[in-house]
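Trainee: okay, sequence plus prediction incoming.
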There are 2 protein chains.
Amino acid sequence: MYRNFRIVPQIIFGRGAFNQLGDVLKPRRVTEGGFVVFILDDVFTGTELERRLPMQGRDLLVPVDVTNEPKTRLIDDLVEKIRRYAPVNPDGVIGIGGGSTMDIAKAVSLMLTNPGSSADYQGWDLIEIPAVYHVGIPTLSGTGAEISRTCILTGPKKKLGINSDYTLFDQLILDPELINGVPKEQWFYTGMDCFIHNIESLAGCMLNSFSRAYAEKSLDLCREVFFDDHPESDEKLMMASCFGGMSIAYSQVGACHALSYGISYVLGVHHGIGCCIAMNVLDDIYPQGCEEFRQMMKRHDITLPRVVGEDISPAEMERMITTTLNLEPLWENCLGSDWRDKMPRDRVEAYFRRM
Amino acid sequence: MYRNFRIVPQIIFGRGAFNQLGDVLKPRRVTEGGFVVFILDDVFTGTELERRLPMQGRDLLVPVDVTNEPKTRLIDDLVEKIRRYAPVNPDGVIGIGGGSTMDIAKAVSLMLTNPGSSADYQGWDLIEIPAVYHVGIPTLSGTGAEISRTCILTGPKKKLGINSDYTLFDQLILDPELINGVPKEQWFYTGMDCFIHNIESLAGCMLNSFSRAYAEKSLDLCREVFFDDHPESDEKLMMASCFGGMSIAYSQVGACHALSYGISYVLGVHHGIGCCIAMNVLDDIYPQGCEEFRQMMKRHDITLPRVVGEDISPAEMERMITTTLNLEPLWENCLGSDWRDKMPRDRVEAYFRRM
């Protein structure tokens, strides 16, 4: 049995495509006196991008602070806020920002139609009611959040996505202009998330020819972007991110993502930099990928911080190990069905001690 | 203004995925006493594949003879046949076969809901009513028909597709097992259709980074398939076909396809071989592509027939030239906005005289 792979069904790609958002929304504004919710990374508050939002009537602007990665509590609060704002659901939820903002927009659109707390749905295919129409407009490339069927949330018990076919955006606007001007470190760490998706997908045992084609091309594009200073780097990184996302969506990530979740969940390390920190200690699993990753770091003069100090408590370490080993599909993809034998707790701890 | 590119929203990929067709249809069988139409290339009549169709109740099997490429008249006849068969529309139309069968299934699903003759809709975005749910299951790879927003039909006045967002399949089942056992010539000609899509997309002026990423990867996969005897050739060709289709859907084909339509429309030459015959005379426009194409021909011991003889009538030649030059977007993509100056009728005739 193969999965019936669901794909974002509409994409606009091109420099300046953001200007078409108003036209895209026009046929979706079906509720009389209705409104659209714009979820915007608050780094854009007061900027030209905010002024360009095609807001009208009772539309609601929701700036979000993504200093910390999104929590289920934040989602529940935003949904409550929107419900208090109007007695009907919005005609659309538009997410404009990086991976965290994409995830917030996806989660909010799901929780506007599904009862309970977003924490109830962290897992696989627990959502039963289609989401409010939602559009993704990335301003940062690499996470693949724009194309994936998940939205990663940190809940009271775990860091895990709401994985479902309804999570997928109904529409993407991919405007390479928007990813211009991202600070170098953030650009690099987020781009490496994509590079690592491809390394993990290609090395995994869940790989098929569909995932392989996407991952190979995404990897080629990453190399052009991070080694060649290509004139269309923004365009290429945007495509690389989508292709990497398509690849892992039909296969899986592996050890690097599993370890990064441990340090994210317990130490609050952001996803992109967390993946880089984990990749840097995984020579025994991804030897070529690690080497290439370090060449890219060197070329862009990136130095990784230490995040696991001597002062880490035994309880924290245990929680990091447990979080990481709970990600069973990732380990199975990476090491095969006997992964538990190959990845005992002390081996996981040894990786963490080097981060 | 960029086009809002619509994509087939659900794909199952993998060897043996055909077996999942029954499960895919289950939630779609919503009409009480309803039925599903299976449009099957009649080369499979009496074969194991026919027996594996998950038919039940009042389901209707429609074998189609694709010796000649589909005509608008054939579509209209099939639609009438289905209407006579039942007072309600089917719950689904399933196309199983090569590009022609895909196109028939797409056209029938559109014409079951839209009034008039299929010839009325040959053009761009003339369809206004969504089609009956339709599924594509290719048994031949290269045309990209499985992924495209068109279905090419030969009408009383022209060979032109019904291009619309509604034309796209709702579901694909990509089972590489099914393309096994295709006769070598057909495999080659159809595969070259894909190769040529990429050459024309990459050389065209409508290319963007989205189309480029798909075309480049598709070309890499074609090279693996046609030069390397790769163990996963069927898988790779299937992906190459989809990627090539995605590329031209967001850009355009060029001179080779335009010329091939001329010999197809007037002389009845099939699309795949027609593209090969046209490519073989286009060294001045696609020098590298032509050279690589001939290397592939040589490697697989393919000899192209002559199709334009001394005995062609002046009227036939005029019709071929007119048919070809009417494909304005293709020429514009290939030669730019001043293409009329660059491609006078005598230049087109000179190409045809060498075919």
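Mentor: Looks like it arrived, so ask away.
Trainee: how far away is the most centrally placed residue in chain A from B:Y166?
Mentor: With distances taken as C-alpha atoms, centre = their mean, A:A145 lies nearest the centre of chain A, 3.7 Å away. Going from A:A145 to B:Y166 by C-beta to C-beta, to the nearest Å gives 29 Å. Where C-beta positions appear, they are placed from N, C-alpha and C, glycine not excepted.
Trainee: do A:R3 as well
Mentor: Distance, A:R3 to B:Y166, using C-beta to C-beta: 26 Å.
Trainee: neighbour count winner among the two?
Mentor: A count of neighbours by other C-beta atoms under 10 Å in any protein chain shown puts B:Y166 above the other of A:R3 and B:Y166, at 20 against 14.
Trainee: quick one: the more buried one is in a strand?
Mentor: No: going by DSSP: H, G, I helix; E, B strand; the rest coil, the assignment for B:Y166 is coil, not a strand.
Trainee: so what's it up against?
Mentor: Neighbouring residues of B:Y166 by C-beta atoms under 8 Å, 6 or more residues apart in numbering or on different chains: B:L110, B:I127, B:I129, B:P130, B:A131.
Trainee: go on, A:I285?
Mentor: The contact partners of A:I285, taken as C-beta under 8 Å, 6+ apart, are A:A203, A:G254, A:A255, A:C256, A:C334.
Trainee: surely the last one meets A:M206?
Mentor: The one in question is A:C334. No: contact criterion C-beta atoms under 8 Å: A:C334 and A:M206 do not qualify, at 9.4 Å.
Trainee: more neighbours: which of the two?
Mentor: Neighbours were counted for A:C334 and for A:M206 using other C-beta under 10 Å; A:C334 has more, 26 against 17.
Trainee: list the contacts of the closest residue to that one other than its chain neighbours.
Mentor: Nearest residue to A:C334 in three dimensions, chain neighbours excluded: A:G254, at 3.4 Å (C-beta to C-beta, 6 or more residues apart in numbering or on different chains). Contacts for A:G254 (C-beta under 8 Å, 6+ apart) come out as A:E200, A:A203, A:G204, A:I285, A:Y286, A:L330, A:W331, A:N333, A:C334.
Trainee: contact partners for the last one?
Mentor: Taking C-beta under 8 Å, 6+ apart as the definition of contact, the neighbours of A:C334 are A:E200, A:A203, A:G204, A:C205, A:G254, A:A255, A:A258, A:I285.
Trainee: mind doing that once more with 6 Å?
Mentor: A:G204, A:G254, A:A255 (C-beta atoms under 6 Å, 6 or more residues apart in numbering or on different chains).
Trainee: distance check, it against A:D284.
Mentor: For A:C334 relative to A:D284 (C-beta to C-beta), the value is 12 Å.
Trainee: common neighbours of the two, please.
Mentor: In contact with both A:C334 and A:D284: no residue, using C-beta under 6 Å, 6+ apart.
Trainee: re the thing from before, of all the contacts of A:C334, which comes closest to chain B?
Mentor: Nearest to chain B among the contacts of A:C334: A:G204, at 15.5 Å, using C-beta to the nearest C-beta.
Trainee: I'd guessed the closest one sits against A:E332; true?
Mentor: No: contact criterion C-beta atoms under 6 Å: A:G204 and A:E332 do not qualify, at 8.8 Å.
Trainee: more neighbours: the two, which one.
Mentor: Ranked by neighbour count (other C-beta under 10 Å), A:G204 and A:E332 place A:G204 first, with 24 against 18.
Trainee: and that one, what is it in contact with?
Mentor: Per C-beta under 6 Å, 6+ apart, neighbours of A:G204: A:S251, A:Q252, A:G254, A:N333, A:C334.
Trainee: circling back: now the buried members of the contacts of B:Y166.
Mentor: B:L110, B:I127, B:A131 (16 or more other C-beta atoms under 10 Å in any protein chain shown).
Trainee: circling back: make CSV out of the contacts of A:G204 and add secondary structure and distance to A:F210.
Mentor: As requested, those are exported to CSV (DSSP: H, G, I helix; E, B strand; the rest coil; distance: C-beta to C-beta, whole Å):
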residue, secondary structure, distance to A:F210
A:S251, coil, 8
A:Q252, coil, 13
A:G254, coil, 18
A:N333, helix, 15
A:C334, helix, 19
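Trainee: farthest pair in those?
Mentor: In the contacts of A:G204, two members sit farther apart than any others by C-beta to C-beta. They are A:S251 and A:C334, at 11.0 Å.
Trainee: do the helix or strand hosting A:I248 and chain B meet at all?
Mentor: Using DSSP states H and E, A:I248 maps to helix A:233-249. Yes: Helix A:233-249 reaches chain B (C-beta under 6 Å from any C-beta of the partner chain) through A:E235, A:M239.
Trainee: after that helix, heading C-terminal, what element do we hit next?
Mentor: In N-to-C order, the element after helix A:233-249 by DSSP H and E is helix A:255-267.
Trainee: tell me the average confidence for that next one?
Mentor: Summarised as a single mean, pLDDT over helix A:255-267 is 96.
Trainee: quick check: angle from it to helix A:233-249?
Mentor: Using axes from the mean of the first three to the mean of the last three C-alpha atoms, to 10 degrees, the direction of helix A:255-267 lies 100 degrees away from that of helix A:233-249.
Trainee: show me where the stretch 151-300 of chain A has its strands.
Mentor: Per DSSP state E, counting those that start in this stretch, the stretch 151-300 of chain A carries strands over the ranges A:152-154, A:159-163, A:171-174.
Trainee: show residues contacting the first one.
Mentor: So the one you mean is strand A:152-154. Contacting residues not belonging to strand A:152-154 are listed as A:E69, A:P70, A:K71, A:T72, A:D103, A:G161 [C-beta under 6 Å, 6+ apart].
Trainee: helices along chain A, start to end?
Mentor: A:21-25, A:48-51, A:72-85, A:99-111, A:184-203, A:209-228, A:233-249, A:255-267, A:271-279, A:287-299, A:314-325, A:328-335, A:339-342, A:345-353 (DSSP state H).
Trainee: would you mind finding the most buried of the ones you listed?
Mentor: Highest mean neighbour count of those: helix A:99-111, a mean of 29 (counted as mean count of other C-beta atoms under 10 Å in any protein chain shown).
Trainee: circling back: report all helices and strands that the helix holding A:I248 contacts.
Mentor: Identification of packing neighbours for helix A:233-249 by 3 or more C-beta pairs under 6 Å, 6 or more residues apart in numbering or on different chains; DSSP states H and E yields helix A:184-203, helix A:209-228, helix B:209-228.
Trainee: returning to that earlier point: a markdown table for the contacts of B:Y166, including pLDDT and distance to A:E224?
Mentor: Formatted as a markdown table, those follow (pLDDT from 0 to 100; distance: C-beta to C-beta, whole Å):
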| residue | pLDDT | distance to A:E224 |
| --- | --- | --- |
| B:L110 | 98 | 40 |
| B:I127 | 98 | 39 |
| B:I129 | 98 | 44 |
| B:P130 | 98 | 40 |
| B:A131 | 98 | 39 |
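Trainee: out of those, which are inside strands?
Mentor: Using DSSP state E, no member of the contacts of B:Y166 falls in strands.
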